[in-house]
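Engineer: next comes the sequence, and after it the predicted model I'd like to discuss.
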Amino acid sequence: MAMPKPLPRAYFNRPTLTVARSLVGKYLVRENRKGTVAGKIIEVEAYIGSNDQACHASKGRTARTDVMFGPAGLAYVYLIYGMHHCLNVVTEREEFPAAVLIRAVEVDGELIDGPGRLCRAFEVDRSLHRLDLTIGKSLWFEDRGVDVPHGRVGRFPRIGVDYAGKWANKLWRFRMRLSK
DNA sequence: GATAAGATCATCT
DNA sequence: GATGATCTTATCA
């Protein structure tokens, strides 16, 4: 086994839907004082550009959304509903706000379903906001050679964005069919 | 099984 | 002062 390398910035600096689709089957790795946890990515959602009403950056560049305008490969972590953290990775070129939300992973065969639970399991909180995920410190993504056939990944509407009008109907959620 | 409501706070108006 | 890229628990059928 070669020394695992984090996915590089060039990987994330591509069209968001491409990144989202190909992140399914990759691994999310969390390293902290308690050790290392790695989870296979099962489900993601794409949030793309200031026209996308469901994307936080559609309301303009603010202190919170600023990171999405930055370089690809940074972490966008925020608190939602007062109690849950959500983990995103910024995609595309600078000045173009877009990100991929990590919704579900599988750790040791156990499904961690939902961004809030995921962040609790991986101990992701706002201290990781703006972290560079391409340097392999604390949190990063890895390609462990898992090949996900095209037919195994379904496309669905995004969750919890009914307010976003026609953007709510975009099939920008990617979920891997669970094998058994 | 399905649906509804409550928790709780950073961020924006 | 309103609201949300959610999750858990309670209540009903």
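Structural biologist: Sure, I can see it.

Engineer: chain A: helices as residue ranges?
Structural biologist: With DSSP state H as the criterion, chain A has helices at A:9-12, A:16-23, A:115-121.

Engineer: if you count contacts, what does the shortest one end up packed against?
Structural biologist: Okay, so that is helix A:9-12. Helices and strands touching helix A:9-12, as assessed by 3 or more Cβ pairs under 8 Å, 6 or more residues apart in numbering; DSSP states H and E, are absent. (Each C-beta comes from the backbone N, C-alpha and C, glycine too.)

Engineer: spit out the contact partners of residue A:91.
Structural biologist: By Cβ atoms under 8 Å, 6 or more residues apart in numbering, the contact set of residue A:91 is A:12-16, A:19-20, A:46, A:72, A:98-100.

Engineer: any chance of JSON lines for the residues you listed, columns distance to residue A:140, neighbour count and pLDDT?
Structural biologist: Putting the contacts of residue A:91 into JSON lines (distance: Cβ to Cβ, whole Å; neighbours: other Cβ atoms under 10 Å; pLDDT from 0 to 100) gives the following:
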{"residue": "A:12", "distance to residue A:140": "11", "neighbour count": "24", "pLDDT": "98"}
{"residue": "A:13", "distance to residue A:140": "16", "neighbour count": "17", "pLDDT": "98"}
{"residue": "A:14", "distance to residue A:140": "17", "neighbour count": "14", "pLDDT": "98"}
{"residue": "A:15", "distance to residue A:140": "21", "neighbour count": "13", "pLDDT": "98"}
{"residue": "A:16", "distance to residue A:140": "19", "neighbour count": "23", "pLDDT": "98"}
{"residue": "A:19", "distance to residue A:140": "15", "neighbour count": "24", "pLDDT": "98"}
{"residue": "A:20", "distance to residue A:140": "17", "neighbour count": "28", "pLDDT": "98"}
{"residue": "A:46", "distance to residue A:140": "20", "neighbour count": "28", "pLDDT": "98"}
{"residue": "A:72", "distance to residue A:140": "13", "neighbour count": "24", "pLDDT": "98"}
{"residue": "A:98", "distance to residue A:140": "19", "neighbour count": "26", "pLDDT": "98"}
{"residue": "A:99", "distance to residue A:140": "16", "neighbour count": "30", "pLDDT": "98"}
{"residue": "A:100", "distance to residue A:140": "14", "neighbour count": "26", "pLDDT": "98"}
